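Chemist: I need the structure of the sequence given here:
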Amino acid sequence: MPTFKLSTVTLALLASGLTFPCYAVEKVNDKQAIEDDEIEVIEVKGFKTSVIKSLNSKRFADTVTETISADDLGALPDVSIADALTRLPGVTAVRTGGQASGLNIRGLDGAFVQATLNGREQVTTGGSRAIEFDQYPSELINQAQVYKSQKASLIEGGVAGSVELKTADPLQAAKEHNFSVNLRGSFNDSAGDIADAEEFGNRLSFSYQGKFLEETLGVAVGYAHLYQPYVSNQFIGLRFNDAKMDVNGDGVDESISEGFEMQQKGGTDTRDGYMGAIHWQPSDNLSIKGDLFHSKFDSENYARGFRVKHLKNGNISDATVDNGSMTGGTVSTDGTDNFAVFVVNDNDSKKSELTSGAINVEWNNGENLTIAADISYSSADGEFVNGGTRAVVYDDMGNQIRSAESISYQLNGLNPADVNFSEDYTNTNTLGLREVGMWPYDQQNELMAYKLDINYQLDNDFISSIDFGVRYSQRQFDAQRSQAGYGSEFGNNPDHMPVIKLTDDMVSVVDFGGNLSGYPSFLKIDFDKAVDLVNAELAANGQGPFTPTQNWENNWTMIQSGSVNEDVLAGYIQANLDFEIGSLPVTGNIGVRVVNTDQSSDGLQQVGFGLGEEIVDGKGVVSTDYIHHTSGKEYTDYLPSLNLNFHLTDNDQIRIAAASVMARPPIDKLKSGVGSWYDDSATPGHKKYNAWGNTSPLLDPFYADQFDISYERYFSDTEGAFALALFYKNIKSFINDFTIQPYDFVEGGFIVPDTVVIDGVEYPVEKNEGQYQTAVNNDNGGYIRGVEVTYTQMFDFLPDAFSGLGFMGSYSYSDSEVEFETDLSGDSLSIPLPGLSEHVANTTLFYGYEGFDTRISMRYRSDYVSEQVAVESQLAFFDSETIFDYQASYAFDNGLKMLFQVNNLTDEANKTYFGEPHQTGTIQSFGRQYYMGVSYSM
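Modeler: Below is the predicted model:
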């Protein structure tokens, strides 16, 4: 049987109420009596406490895990729990707006990460299954655990890993009553470079935990508020596969970029989070818990500046070429082609709201049987505004005669380009408003889950207990894409939508600042006033208001609307192991999880030519080109798992883990909506039906087999640990867009008209010749493998003031044979698995002494592939990044604490490129974020 030689500080924490998994505590109690009168009273506070708790959680876990723990509710200083999780080995973040949002684990992105709150599945505010971790205030999270190996009792879905967030259990609090309040002000040092951006923000949180009725009833409540500026200067180079042509007269065709953007992004993020928990334990045999979590996140964001589009259509001269790509030159137009410089004012605001709640009842017979029943609910809504204006320069607005214009530019690799324009884009006499549009995208997720878990303790020398249970969940995803538009981006506007002359009261001149200083100025356009002008113009032409049917003929948004339903029934059995091989103690578990999934989608299928139902979107656009189309499938999976922990000595252990795992496709990837077109059939005088869409309710999950082996050594004379882990994942397949031709649409469940009338001529329709552009599971899987090294050391053996030093460090190397093909660099290029950085390192140097705490943290990840968001999402290489954060605090004896914090200490920018660094992608800087504040606890 395993024994554990614990350090004095850990024993002190145990004596104060810190708990570990049951089997571990039993062994500690058997071998090392923990009694208050036997242990020196050591008061451990601050960051060091969190580190020790995290080490012990990892040590006594029955899987390969990493943990972040707070010494008290509200003690984590990070903006969101995502920032805290990036300090863990093998965990990296994708920065959105300068702060961590999505997580990657061991080289796989958020689509492969399962996330739970208090053990319950969480839905997202969008169409992905990857939860937005910035929706969860760190002040309301008591612990976050990353499971890198799977066990049967965990909810399926974590191919990369599973993240479990935990809120406080009030009956586990160390004191009878705990109260804390936290107030911080923030400052962004780049806000002054962005027009209308706010420099200052604030954070406020408070929490209370109390125990009543002789500590049989516990109550916890918490609130966290965040208000902070959203600031970014960005140059965005667009894809290089727009065209190939000889631009410098050397007889060789070069790749030409679609164009580029120069923008200021600003606004504010406001988040309000609430949590509540009640735990009643009237006896040792019965426990009833209820918890509620709510978070509302409003991002009021704008993007303003220039968009230069379709360089290929202009007259190119003095071109510079770098390794087959045009990276600079002069591009001009006489105003009659599609090359243009647009003044762009976009509203990228998003509102999201999530709610999670549950009731759990646990009963035991006082001996060997425990039964737990759990009912949970999770919902999330996301509203993406997605509106904007487009303006260009004119010689004659009334007759839509555009001005001649030219630009000269030179890309500078991973720095903003040099750009000069020939025209003035701040003159309302020449800058005309040609397009105003809104394309809002609303999405709702809702999940109900019911779970029953049973544990039966055994009295034998091999299996300590058996866990088995069942879980049933119902999830529904709904999406509504609407539209309202005036004008068009290219070509002349329709007669009833003339170019609109801007008025001085709706515009103001904006100058670029920061790393984009020196770029030409542009006009900020008030969107609400632009809509007013649109309505006035439409009314004058007998049209209007802004949203009726006749205002928009392109109804592509229809197929992005629809719903997905997913019913999952899962059962598991798991044997918890505790035995010896000779004199070697072994613990762990072995089990299997069986999962049945029934998925379906109701979407819109385009049949065209007014042959469908009357469909009205949220902006009043009416179409009779679509019919409802429902499709789906049902499948069952068997997921075995094994975790073994060999206790070599009191402080050394080797873990071995293996499992078959799955992750379902993004929920919006299961939508059934399709667009269509007709073209000539092989049969003369006939037309064939074709359909396009990049979603399918017939998709299978991602599957993988994974293996882990790790060595862990925990220091006994001082606090610290060393761990070395190897992992291997064999992913069976991925999802990609694919064209099937010929495709039998009738056999595939589609309804296709027998005839269509095109230009007054009726044609019979062939239903099994056309092409179907859809999403499929490919067979191009492959391995991901890697190594992780972690080292934690408290230097408490040093004399007096130096004993407060400590260090945490980790390094991860990941490698994969998985490759994808892209042509965004102009030529076909093999790219690595999105989200995979070969090298990841995290370090924290910290110091605590007599109330003073300080630490500096570094996060490094090497280059990787992910999506940059420009006109549309485009895969690009992200350059390596190194981010430093700093924090210092001083705690007084009366519970008052002063804090100072700097995030992104070196103002590290996001930098992307296509294929090679000279093919510039996004150069985006966010500034440094400073915090100063106070907290009080009692």
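Chemist: who's Asp737 bridged to?
Modeler: Legend: beta-bridge partners of Asp737 under DSSP bridges are Ala775.
Chemist: quick one, helices of this protein?
Modeler: 8-15, 22-31, 47-60, 81-85, 527-540 (DSSP state H).
Chemist: which of these has the lowest average pLDDT?
Modeler: When those are compared on mean pLDDT, helix 22-31 scores lowest, with a mean of 43.
Chemist: Report the residue spans of the stretch 301-450 of the chain with pLDDT below the cut-off.
Modeler: Filtered on pLDDT under 70, the stretch 301-450 of the chain yields no residues whatsoever.
Chemist: Over to the stretch 451-600 of the chain?
Modeler: Using pLDDT under 70, the stretch 451-600 of the chain drops low at 543-555.
Chemist: Need the per-residue pLDDT for the residue nearest the centre of the chain.
Modeler: The chain has Gly102 as the residue nearest its centroid, 2.9 Å off, counting by Cα atoms, centre = their mean. Note for Gly102: predicted pLDDT of 75.
Chemist: Quick check, it in contact with Glu132.
Modeler: Yes. With contacts counted by Cβ atoms under 8 Å, Gly102 reaches Glu132, the gap being 7.2 Å. C-betas here are computed from N, CA, C, even on glycine.
Chemist: any idea how far the closest residue to Gly388 other than its chain neighbours is from Leu311?
Modeler: Excluding its sequence neighbours, the residue lying closest to Gly388 (Cβ to Cβ, 6 or more residues apart in numbering) is Asp346, at 3.8 Å. As defined by Cβ to Cβ, to the nearest Å, Asp346 lies at a distance of 21 Å from Leu311.
Chemist: and if you look at Tyr791?
Modeler: 51 Å.
Chemist: Compare those two (neighbour count), which wins?
Modeler: Leu311 (23 against 16; other Cβ atoms under 10 Å).
Chemist: Make sure that one is actually in contact with Phe339.
Modeler: Yes. Contact criterion Cβ under 8 Å: Leu311 and Phe339 qualify, at 6.5 Å.
Chemist: which neighbours do these two share?
Modeler: Val331 (Cβ atoms under 8 Å, 6 or more residues apart in numbering).
Chemist: Let me see the contact set for the residue lying closest to Gln234 once chain neighbours are set aside.
Modeler: Nearest non-adjacent residue to Gln234, counting by Cβ to Cβ, 6+ apart: Gln924, 4.2 Å away. Counting by Cβ under 8 Å, 6+ apart, Gln924 touches Ser232, Asn233, Gln234, Phe235, Ile236, Ala909, Asn910, Lys911.
Chemist: beta partners of the closest residue to Thr270 other than its chain neighbours?
Modeler: Distance criterion Cβ to Cβ, 6+ apart; nearest residue to Thr270, sequence neighbours excluded, is Asp298 at 4.7 Å. Applying DSSP bridges to Asp298 gives these bridge partners: Thr270, Lys351.
Chemist: And Asp298, how close does it get to Leu533?
Modeler: Distance from Asp298 to Leu533, by Cβ to Cβ: 27 Å.
Chemist: Any idea how many residues pack against Thr790?
Modeler: Neighbour tally, Thr790, other Cβ under 10 Å: 23.
Chemist: can you pull the pLDDT of it?
Modeler: 96.
Chemist: gap between it and Tyr714?
Modeler: With Cβ to Cβ as the criterion, Thr790 and Tyr714 are 12 Å apart.
Chemist: do Lys529 as well
Modeler: In terms of Cβ to Cβ, Lys529 sits 65 Å off from Tyr714.
Chemist: Between these two, which is the more surrounded one?
Modeler: Tyr714 (24 against 14).
Chemist: partner residues bridging that one?
Modeler: Ala721.
Chemist: Which residue ranges of the stretch 801-938 of the chain form strands?
Modeler: Ranges of strands in the stretch 801-938 of the chain, per DSSP state E, counting those that start in this stretch, are 805-816, 819-822, 829-832, 839-849, 852-861, 864-869, 873-878, 881-891, 896-903, 910-913, 920-925, 929-937.
Chemist: what sits up against the second one?
Modeler: Right, the one you point to is strand 819-822. Outside strand 819-822, the residues that reach it (Cβ under 8 Å, 6+ apart) are Phe734, Asn736, Gly782, Ser828, Leu829, Ser830, Ile831, Pro832, Leu833, Pro834, Leu875.
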